[in-house]
Structure formats: C-alpha cells, structure tokens
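Novice: Pasted the sequence and its predicted model underneath.
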Amino acid sequence: MTAPAGPPAVVLVGPPGAGKTTVGRLVADRLGVAYRDTDADIEATAGKPIPDIFIDQGEPHFRELERAAVRDALAGHDGVLSLGGGAIMDEATRALLRGLPVVFLDVGLHAAVRRVGLDAPRPLLAVNPRQSWRDLMEKRRPLYTEVARAVVATDEGTPEDVAEAVLDALQLKDA
Ligand SMILES: Nc1ncnc2c1ncn2[C@@H]1O[C@H](COP(=O)(O)OP(=O)(O)O)[C@@H](O)[C@H]1O
Ligand SMILES: O=C(O)C1=C[C@@H](OP(=O)(O)O)[C@@H](O)[C@H](O)C1
Ligand SMILES: [Mg+2]
C-alpha cells in the first residue's frame with residue numbers, strides 16, 4: 001500500500017492578482033516538486049471554467065467545491081499548493097491550514113488591478129474591479145494574516161524575485 005502524501009511543502013494564499021498561481025509554479029520548479037492549484041482542481045471536478053460555475057450554479061456552490069478541493073489537496077499533495085483567493089474565508093479551511101508552511105502573498109490595489117485586468121476573468125471582480133478588490137481585501141486581510149507563517153510583498157519585483165522571497169521566508173533555500 002502506498003503511504004499517504006505528507007503535507008504540502010508550501011501553501012500560497014492571498015488576494016487575486018498577488019501571483020499565487022504564477023509564483024507557485026516557480027517555487028515548485030525551484031524545489032523540484034509538483035505544483036497544484038485548487039482552482040484547476042475545481043475546474044477539473046466541475047468540467048467547466050470558474051466563471052461558468054459562478055454563472056451556472058452561483059458562488060455558494062463554487063465555495064462548496066473549493067472547500068472540498070482544498071481539503072483533498074492538503075491531504076494528498078506534498079509539493080507546492082496555491083489556493084484560490086477566497087478559500088481562507090471558510091473556517092474549516094483555516095483550521096486545516098494551522099501549522100502548515102503558509103505564505104501570504106501580499107499586493108496593493110494598483111498592482112493587483114493592473115495584473116488581474118491582464119489575466120483570465122475573475123467573476124468577483126467583473127464589475128467595478130477597484131472597489132470590489134478593496135472591499136474584498138478589507139474582509140480578508142486579517143484572515144490571510146491569521147493563517148500565514150510569513151508574508152511576502154509582491155508589488156515590486158518579478159515573479160522570480162517573489163519566488164526567491166518565498167523560499168527565503170520559509171528557510172527553504174538549502175533544501
Ligand atoms: N510579481 C509580479 N509582477 C508582475 N506581474 C505578475 C507578478 N505576479 C503575477 N503577475 C501577473 O499577474 C497576473 C495574475 O497572476 P496570478 O498568478 O494568476 O495571480 P493569482 O493566482 O494570485 O490570482 C498574471 O498575468 C501574472 O503573470
Ligand atoms: O478571490 C476569490 O474569491 C477568487 C479568486 C480566484 O482565484 P485567484 O485568487 O487565483 O485569482 C478564483 O478562485 C475565483 O475567481 C474566486
Ligand atoms: Mg490563481
């Protein structure tokens with residue numbers, strides 16, 4: 001029988017546009033481990049892109065899929081894991097993150113809105129992205145901070161720089 005996977009080596013949290021997906025891949029490459037993203041897991045389970053899940057079944061259904069996706073990934077993945085920006089709103093998810101090497105990728109409004117404007121659509125930011133992002137961050141910042149072992153600012157620097165800062169913050173440089 002195969003032993004269950006240990007906990008993830010790194011878990012990235014933070015708001016949309018912080019670079020969780022981009023930086024997560026780079027950190028996994030640097031560590032030579034597998035990369036996983038709960039948004040991709042949810043899309044695979046639902047068989048459709050995230051904006052379509054929001055439109056067809058609504059946000060509460062998306063959050064249920066997300067809770068299950070995070071639980072499964074935390075139990076079955078020992079590489080780098082990026083969570084969707086809203087995953088930490090769920091109390092059960094926050095409890096599962098306790099004690100894990102969680103890094104909060106922080107970003108300011110300007111960089112975040114500039115970045116998400118260039119990327120795949122995020123349904124929560126479809127209308128008035130600046131105000132929506134600000135409102136969302138007001139509710140979530142304390143929760144990102146609560147679950148995180150380290151905080152890495154991402155406004156300055158390339159994704160490669162941020163990946164190095166994540167490795168430094170978790171003291172994984174010599175791993
Ligand atoms: N440090 C960075 N500097 C510039 N652009 C970035 C940086 N990190 C991410 N991006 C860009 O921002 C967009 C959103 O990144 P993404 O990794 O999808 O963020 P998240 O998963 O946190 O929402 C992508 O187009 C990505 O290339
Ligand atoms: O912040 C959020 O509530 C969301 C963030 C998205 O992921 P990213 O944080 O990777 O953009 C995705 O899970 C969904 O659109 C909802
Ligand atoms: Mg992402």
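Specialist: Right, received. Where do you want to start? Residues are numbered from 1 along each chain as shown. Ligands and ions are numbered 1, 2, ... in the order given.
Novice: how near is the nearest residue to K48 once chain neighbours are set aside to ligand 2?
Specialist: Once flanking residues are discounted, K48 sits nearest to D56: 7.3 Å by C-beta to C-beta, 6 or more residues apart in numbering. Where C-beta positions appear, they are placed from N, C-alpha and C, glycine not excepted. Going from D56 to ligand 2 by C-beta to the nearest ligand atom, to the nearest Å gives 14 Å.
Novice: Kindly tell me how buried D56 is, as a neighbour count.
Specialist: 11 (other C-beta atoms under 10 Å).
Novice: Name the helix or strand for it, please.
Specialist: Per DSSP states H and E: D56 is located in helix 50-57.
Novice: helices and strands around that helix, which ones?
Specialist: With contacts taken as 3 or more C-beta pairs under 8 Å, 6 or more residues apart in numbering; DSSP states H and E, helix 50-57 sits against helix 38-46, helix 59-76.
Novice: Spell out which parts of this protein neighbour ligand 1.
Specialist: 14, 16-22, 85, 115, 118-119, 154, 157-159, 162 (C-beta under 6 Å from any ligand atom).
Novice: Let me know the pLDDT of L83.
Specialist: The per-residue pLDDT reported for L83 equals 98.
Novice: Distance check, the closest residue to A18 other than its chain neighbours against ligand 2.
Specialist: The shortest distance from A18 to any residue other than its chain neighbours is 3.8 Å, reached at L105 (C-beta to C-beta, 6+ apart). Relative to ligand 2, L105 is positioned 10 Å away (C-beta to the nearest ligand atom).
Novice: what about L105, which SS state?
Specialist: Recorded secondary structure, L105: strand (DSSP: H, G, I helix; E, B strand; the rest coil).
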